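Student: give me a model of this one.
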Amino acid sequence: MRRLFAATVAPLVAHDAQYGGELVRTVREWLACAGSLETAAGALRTQPHTVAYRIERIRGLTALDPHDAAGRERLSLGLRAHRVLAPRLPR
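Tutor: Numbers count the residues shown, from 1 in each chain. As a prediction, the model looks like this:
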């Protein structure tokens with residue numbers, strides 16, 4: 001599970017911790033909204049172009065394409081691993 005986390009969303013968690021970002025929350029909402037920028041933007045209370053920018057940033061940090069089914073699946077599994085491991089991760 002740690003390897004899955006490290007290979008998927010760990011860079012997002014580190015980025016959010018360092019810069020006070022919302023990449024993890026953005027990818028979680030975007031996936032929950034079936035990739036709809038408008039719906040995710042509403043849930044995140046931001047603009048669709050902000051969500052689009054963050055999705056591209058997520059792609060750059062993880063090397064996973066959220067627009068691709070395999071990329072979405074890996075990100076989703078990584079988020080699940082993060083939810084399980086978060087209490088045990090070093091701060």
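Student: nearest to the spatial middle of the chain, which residue is it?
Tutor: Centroid-nearest residue in the chain, with C-alpha atoms, centre = their mean: Val27, separated by 3.3 Å.
Student: against which helices or strands is the one helix or strand that residue maps to packed?
Tutor: Val27 belongs to helix 23-32 when elements are defined using DSSP states H and E. Packing partners of helix 23-32 (3 or more C-beta pairs under 8 Å, 6 or more residues apart in numbering; DSSP states H and E): helix 10-19, helix 37-44, helix 48-62, helix 69-85. The C-beta positions use only the backbone N, C-alpha and C, and glycine is treated the same way.
Student: Met1: which of those helices is closest?
Tutor: helix 69-85 (4.8 Å; C-beta to C-beta).
Student: hang on, isn't Arg2 packed against Leu85?
Tutor: Yes - counting by C-beta atoms under 8 Å, Leu85 is a contact partner of Arg2 at 6.5 Å.
Student: more neighbours, these two?
Tutor: Between Arg2 and Leu85, counted using other C-beta atoms under 10 Å, Leu85 has the larger neighbour count: 16 against 12.
Student: what does the pLDDT read for the more buried one?
Tutor: Looking at Leu85, its pLDDT reads 89.
Student: tell me if I'm right that it and Met1 touch.
Tutor: Yes - if you go by C-beta under 8 Å, Leu85 and Met1 touch, sitting 6.2 Å apart.
Student: does His15 really touch Thr26, like I thought?
Tutor: No - counting by C-beta under 8 Å, His15 stays clear of Thr26, with 11.1 Å between them.
Student: which one of the two has more residues nearby?
Tutor: Neighbour comparison, His15 and Thr26: the larger count goes to Thr26, with 25 against 19 (by other C-beta under 10 Å).
Student: distance check, the spatially closest residue to that one that is not a sequence neighbour against Val84.
Tutor: Leaving out its chain neighbours, the residue that sits closest to Thr26 by C-beta to C-beta, 6 or more residues apart in numbering is Arg54, at 4.4 Å. Distance of Arg54 to Val84, given as C-beta to C-beta, to the nearest Å: 24 Å.
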